[in-house]
Every structure is written in C-alpha cells, then in structure tokens.
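Colleague: The following block contains a protein sequence and its predicted model.
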Amino acid sequence: MGYIKEKFKVKADELNIEVKDLVKNHGSKKIEDVTVAQVYQGMRGITGIVTETSLLDANEGIRFRGYSIPELRDHLPKAPGGAEPLPEGLFYLMLIGELPNETDVQTLSSMWGRRSHVPNHVFDAIEALPITTHPMTMFTVGIMALQTESAFAKAYAEGINKKDYWSYMYEDTMNLIARLPRIAAYIYRRKYKGGQHIQPNGMLDWAGNFAHMLGYTDEGFKELMRLYMVIHADHEGGNVSAHTTHLVGSALSDAYLSFAAGMNGLAGPLHGLANQEVIKWILAMREELGGGMPTKEQIEAYVRKTLSEGKVVPGYGHAVLRKTDPRFTAQMEFAKKHLPNDELVKIVWTVYETVPPILQELGKVKNPWPNVDAHSGALLVHYGLVEYEFYTVLFGVSRALGVLASLCWDRGLGLSLERPKSVTTEWMKQFVEGKVTADAE
C-alpha cells in the first residue's frame, strides 16, 4: 500500500471517531428548519450532505480544505518553470486534508502516469458512436466502458468486508483519474482533428500531459490547463455533478458508475454546459454588432435586449455566491498576465463592467456577479481551442478530482445509502392547513 493510501486510511480512521462521537452525542440536534418553498424549489439552502473536500461560502467563495483559490495559487507546488498550481497538489489536499510537498505531488504524477493505460475496448465503444455525437455523451460512454476495470466491483462480487470498501474505492479513483485525460483527448482528436491521436508523454504532469494529448504545445496553454483543472475541481457537495456522484455512490456503485452519473448531470445547460453557452453568447453579440471590439454602450444595449427577450446573460448569477466568483478572478488575473491584449478577453472584461449594474437595477438575480463560466471560454479560444461543445468535457476531467476524492471519503467514513423523505402536493396542502404534521409517514 502506497504512503498516500496509508495516510488517507489514518485520516479516515481519525475522522470516523469524531463522526461517531458527533452522531452519538449530538445526533438529535437540529441544524435548520425547511420551508415549503425550499422543498419545491430545488432544496436550495437545505443542509443535508457532508462533503469534506471543500466548502462554499456565499461571501468568500470556495475554500478547499480551508484554503481559498488565491492561497492555493500561492501554496501548492508548481511545474518546473510554471506559476500555476498543479492539480495533483489540490487532489492531495482534498484527499488528505494537508498541503502537499513536492514529493507528494511527484508521487501522484508518477502514480497516475503508471495507471493511465486505457483498454482498447473503451476506444471501440467511443468509435461506435456517430461522429456527430456530443462530446459529453462520448465522455460518459467512455467512462462506462472503462467500468469493466473496477477493482471495487470485482472485489464486492467476490465478497469483501465492508471495512475494506474504502481501499477498493481508492484504487478505482486513482485509476479513473489517471485515465480520464486520455479518454477526453481521444474524443477531442477523433471529433475535431480527423482521428489523428497523440500518445501520452510520461515526462509531463497530469494537466500538462492532457494539453499535450489534445495537441497543444504552447506552455501558456499547459499553464491554463493546470489552473483550469484546479479551479473547476470541486464546489462543495450540493451541486448537481457532486451530489449525483455521491448519491449514486451511496448505493455502493463503483467509482465509474457514480462518476458517469455525475457527468450526465454536468452535461445539463444549468450546470457544466453553461461554459459553452457563454462564449456562444459573446460571439453572437459581436457578430450582431458588426464584429470587432464593441463599445461599453453597445454591450449595455445588447444585454438589455437579451433580458427583454426573456433570456439570461449566461455566466452571471450563482445559486449560492453573492460576490464575484473567485474562479472568475483567477482567470482574469491569468489573462492579464498572459494575454492582456486579446480582444475577446477585453470583451469579457467590459461585459463584467456592464452586466452587474443592469442586473442590480432590474432586480433580476440575487447575485449579479460573474461565475466561473463567464471567463473560461475566452481563454480557451485565445489558444485555439474553439470547439465549444468540448468545454464541458474539460470541466468534467477537472471535476473528477473533487467528486472522486469525496467518494473515497464516503467509503472511508462508511456513509449510509442516501434516501431522503418525499411527499406529494396533496400532503403539502394538508400540511399547510395543519391537517398533518411533518413527522407523519
């Protein structure tokens, strides 16, 4: 057993003791009340899941094990000559709960490199799909095809002690994360580059090798992939992709089945698909305004037109955040350093100056500020990745880091099958009239 796996086991055992103490001594303590509106409107704000890897604060943004994105950019190890944090370091932090050193990160890079071989039948399954298939559909099919390699599924079928579930989930997690860049790059090269595939480079880090397999040699793009993989990795446990992975995993589905389910959620327009919608909206705006760099006044008029037509300005507003998404800010800082004169990026910044005041004026959303999706597309376009449908696949590769680290913790803590209570609207009508009580079955 490798030292990272051993360290995780020690951490899991320690936290298990704390969790059992909390449940034993405080299990009946109420966290909050639930309103009728929350039940009908997507369970917004209801605390009902434990996720160890990250916590989203409405005013401070996402924190990974207590560290903000600016702190991660300062403290996590970098690639030689690079300035952006390595995703391996963030995964280690989410899994172990401690900042990694250079050795920890190099160990993970090497481990994922050794585990990155993808069986041919996975590629065959992808090849069986029409070339017109959306990249996210190909991605989930590839993950499902890879499920044949699940260590957990094999061990469970043979009969294992539930105390050992975590060990096989850990192995599946490491194997799956190692192989996802290869699958994603294969899809990209198949769909957009005539099937001219690029073999992995074992000398590169995880994100750098992903950039290489996509076909990008620019060091700036490799740096962007490192940053992109870090800032999209996790967003606590209530978002659709994280919650779905956790929910399906609670049935003791293996990492492949659980993650594929999460990716089907990420593919939705209200979740990960939003990043392609933003860049499409910006390009449509520029085309309608005659091309080139629009003025602030032109952008303001187009925004108002978009809203008057009953549409949303994609990339603005967030279910939880009440400030500019720190992930947007990180990308803006990257752009100011690497591509300050890019016209599309300048449009993103002007939209940033324009949209929030309009949304505040109209009272359209509680949070009028940009989220992570508002900036990422412009950066990708600058480096030549203009295939917008593929953007959500990039998001999915990154999101694996957080949701699979969480899945390890689910098994390490022995969390139960998730099964919330549901009611009918007829029951709800009787409840508000006082004819039934909330604890009635």
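Modeller: Alright, I've got the coordinates.
Colleague: residues in contact with G2?
Modeller: By C-beta atoms under 8 Å, 6 or more residues apart in numbering, the residues touching G2 are T107, M111. No exception for glycine: its C-beta is placed from N, CA and C like everyone else's.
Colleague: Check what pLDDT it gets.
Modeller: If you check G2, the pLDDT there is 89.
Colleague: how far away is it from P77?
Modeller: From G2 over to P77 the distance is 18 Å, taken as C-beta to C-beta, to the nearest Å.
Colleague: Could you double-check that Y391 lies in contact with L379?
Modeller: No - assessed by C-beta atoms under 8 Å, Y391 is found out of contact with L379, at 10.5 Å.
Colleague: pLDDT (mean, whole number) over the helix or strand encompassing Y170?
Modeller: Applying DSSP states H and E as the criterion places Y170 in helix 165-192. If you average the pLDDT over helix 165-192, you get 98.
Colleague: cool, stretch 314-321 as well?
Modeller: The predicted model assigns stretch 314-321 a mean pLDDT of 76.
Colleague: So for it, first residue to last residue, what's the gap.
Modeller: One end of stretch 314-321 to the other measures 15 Å (C-alpha to C-alpha, to the nearest Å).
Colleague: show me where the stretch 1-150 of the chain has strands.
Modeller: Taking DSSP state E, counting those that start in this stretch, the strands of the stretch 1-150 of the chain run over residues 54-57, 61-64, 67-68.
Colleague: okay, those strands in JSON lines with mean pLDDT next?
Modeller: Listed next are the strands of the stretch 1-150 of the chain as JSON lines, based on pLDDT from 0 to 100:
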{"stretch": "strand 54-57", "mean pLDDT": "91"}
{"stretch": "strand 61-64", "mean pLDDT": "92"}
{"stretch": "strand 67-68", "mean pLDDT": "95"}
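Colleague: Quickly compare those and say which is most buried.
Modeller: Greatest average neighbour count among these goes to strand 61-64 (a mean of 22), per mean count of other C-beta atoms under 10 Å.
Colleague: roughly how far is that one from the heart of the chain?
Modeller: 13 Å (C-alpha atoms, centre = their mean, to the nearest Å).
Colleague: what's the answer for stretch 238-255, then?
Modeller: Relative to its chain's centre, stretch 238-255 lies at 13 Å (C-alpha atoms, centre = their mean).
Colleague: what do you get for stretch 362-370?
Modeller: 23 Å.
Colleague: Ends of it, what's the gap?
Modeller: For stretch 362-370, the first-to-last residue distance is 16 Å (C-alpha to C-alpha).
Colleague: Low-confidence regions, the stretch 201-350 of the chain specifically.
Modeller: Within the stretch 201-350 of the chain, the stretches with pLDDT under 70 are 318-319.
Colleague: Might you report the residue contacts of the closest residue to H121 other than its chain neighbours?
Modeller: Excluding the flanking residues, the one nearest H121 by C-beta to C-beta, 6 or more residues apart in numbering is A145, at 6.2 Å. By C-beta under 8 Å, 6+ apart, the contact list for A145 reads H121, V122, D124, A125, I126.
Colleague: looking at these, which has the most residues close by?
Modeller: Highest neighbour count within the contacts of A145: V122, with 22 neighbours (other C-beta atoms under 10 Å).
Colleague: That one against I183, yeah?
Modeller: Yes - the criterion here is C-beta under 8 Å, and V122 meets it with I183 at 6.6 Å.
Colleague: what is in contact with these two at once?
Modeller: Counting by C-beta under 8 Å, 6+ apart, the residues touching both V122 and I183 are G142, L146.
Colleague: follow-up on the earlier one: for A261, find the nearest of the strands of the stretch 1-150 of the chain.
Modeller: With C-beta to C-beta as the measure, strand 54-57 is the member of the strands of the stretch 1-150 of the chain nearest A261 (19.9 Å).
Colleague: chain center to stretch 421-436, what's the gap?
Modeller: 36 Å.
Colleague: same deal with stretch 230-249?
Modeller: With C-alpha atoms, centre = their mean, you get 7 Å for stretch 230-249.
Colleague: pull the CA atoms of it into PDB?
Modeller: What follows is stretch 230-249, C-alpha atoms only, in PDB (Å, rounded to 0.1, in the frame of the first residue of the first chain):
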ATOM      1  CA  VAL A 230      -7.700  23.300 -10.200                       C
ATOM      2  CA  ILE A 231     -10.400  25.900 -10.100                       C
ATOM      3  CA  HIS A 232     -13.100  23.600 -11.600                       C
ATOM      4  CA  ALA A 233     -12.200  20.600  -9.400                       C
ATOM      5  CA  ASP A 234     -14.800  21.000  -6.600                       C
ATOM      6  CA  HIS A 235     -17.600  23.300  -5.400                       C
ATOM      7  CA  GLU A 236     -18.800  21.600  -2.200                       C
ATOM      8  CA  GLY A 237     -21.200  18.700  -2.400                       C
ATOM      9  CA  GLY A 238     -24.600  20.100  -3.300                       C
ATOM     10  CA  ASN A 239     -24.000  21.000  -7.000                       C
ATOM     11  CA  VAL A 240     -25.500  18.500  -9.500                       C
ATOM     12  CA  SER A 241     -22.400  16.700 -10.500                       C
ATOM     13  CA  ALA A 242     -21.000  16.300  -7.000                       C
ATOM     14  CA  HIS A 243     -24.400  15.400  -5.400                       C
ATOM     15  CA  THR A 244     -25.200  12.900  -8.200                       C
ATOM     16  CA  THR A 245     -21.800  11.200  -7.800                       C
ATOM     17  CA  HIS A 246     -22.300  11.000  -4.100                       C
ATOM     18  CA  LEU A 247     -25.900   9.800  -4.400                       C
ATOM     19  CA  VAL A 248     -25.200   7.000  -6.800                       C
ATOM     20  CA  GLY A 249     -22.100   6.100  -4.800                       C
END
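Colleague: All good on my end, thank you.
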